[in-house]
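Undergrad: how would this look folded up:
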Amino acid sequence: MIASPLAEPRVRKWTLTEYNRAAASGLFDDERVQLIEGEIIEMPPQGHRHVKAVWRMTNLLQSAYGADRWVRSQAPLNVGTISQPEPDIAVAERPMADYTDHPSTLILAVEISDTTLSLDRRKASIYAAAGVREYWILNLDERVLEVFANPAPDSERGDAWAYAGHRVLPEADSVALPDLAETFFAIRDFLT
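TA: Model (predicted):
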C-alpha cells in the first residue's frame, strides 16, 4: 500500500519502541535525552546546584522511606507508548526486589528545576496519567516547591489527565511525604 502524500507538513511523533530501538543502536550515545509525548527532548547539562539538590533529596527520601520503597534517581518510568520520562527522583510503591522492569507508576516523582521549568510543568500531565500520586517540582531559582496532588481526568482536555491539587510552598514551609503523613521536611532541607 502506498501512503498518500501529505497536504502540509506535520510533526512525526516517536513511539517508545522506536525510541528504545534508536537508543540501542547508539543514536543517542553521549546525549541526555528523554521521550516526552512522542518528542525526543535534549536535556541541558546538569549544573552543580542541580546535582547537589538531587543528591540531597534522594538521601532524605531514602532515609525516610527505608527499604520498604525503591527510591530511584534519574531512571526511566514506563508510562505508555509515547513517553518515558526520567524523573530526577522517584519513589516506587514497593522495594526494588519486587520489580523486573522500570515501574509504571510511583508514589512520588520529583523534578529538580533550574533550567527546565517549562518542561517540568509539561510533564505533570504525563505523571498524572500514570497515576503518580504526587509530583513535586523543586524550583531552585525561586526557592519553592510546587506540589501537584490527586491525579484525575482533565475535563477541559478530553482524554488528558491533570492534578486536581496544586500548591506552591516557599522555603520556610514544610511538606508531608506521600504514604508517610507523619513525616515532614522543611522545603529549605531540599535546597542547596
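Undergrad: Any regions of this structure where pLDDT drops low?
TA: Within the chain, the segments meeting pLDDT under 70 span 1-3, 158, 192.
Undergrad: for it, what spans make up the strands?
TA: Along the chain, the segments classed as strands by DSSP state E run 33-36, 39-42, 71-73, 89-91, 108-113, 134-139, 144-153, 161-170, 174-177, 180-186.
Undergrad: Out of these, the one nearest L61 is which?
TA: Among the strands of the chain, the nearest to L61 by C-beta to C-beta is strand 71-73 (5.0 Å). Glycine gets a C-beta too; all of them are placed from N, C-alpha and C.
Undergrad: Please list the outside residues in contact with that closest one.
TA: Strand 71-73 has contacts (C-beta atoms under 8 Å, 6 or more residues apart in numbering) with 54, 58, 61-62, 65, 87-92, 103.
Undergrad: what about 10 Å?
TA: Applying C-beta atoms under 10 Å, 6 or more residues apart in numbering, the contact partners of strand 71-73 are 54-55, 57-65, 86-92, 96, 99, 102-103, 106-110.
Undergrad: So in that sheet, which strands flank that strand, and in what orientation?
TA: strand 89-91 (antiparallel) (DSSP bridges).
Undergrad: Return the distance of the partner strand from the chain's centre.
TA: 8 Å (C-alpha atoms, centre = their mean, to the nearest Å).
Undergrad: for it, which positions count as buried?
TA: For strand 89-91, the neighbour count (16 or more other C-beta atoms under 10 Å) marks 89-91 as buried.
Undergrad: swap in stretch 32-52?
TA: Buried, per 16+ other C-beta under 10 Å, within stretch 32-52: 33-36, 38, 40, 46, 50.
Undergrad: so who does A22 touch?
TA: Applying C-beta under 10 Å, 6+ apart to A22 gives the contacts 14, 28, 33, 35, 40.
Undergrad: From E156, how far off is it?
TA: Using C-beta to C-beta, to the nearest Å, A22 is found at 34 Å from E156.
Undergrad: Next: E39.
TA: For E39, the distance to E156 - C-beta to C-beta - is 22 Å.
Undergrad: do the same with P85
TA: P85 is 22 Å from E156, where distance means C-beta to C-beta.
Undergrad: what's the answer for E42, then?
TA: Distance from E42 to E156, by C-beta to C-beta: 30 Å.
Undergrad: quick one on the thing from earlier: got a markdown table for the buried residues of strand 89-91, with distance to N139 too?
TA: Formatted as a markdown table, the buried residues of strand 89-91 follow (distance: C-beta to C-beta, whole Å):
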| residue | distance to N139 |
| --- | --- |
| I89 | 15 |
| A90 | 18 |
| V91 | 19 |
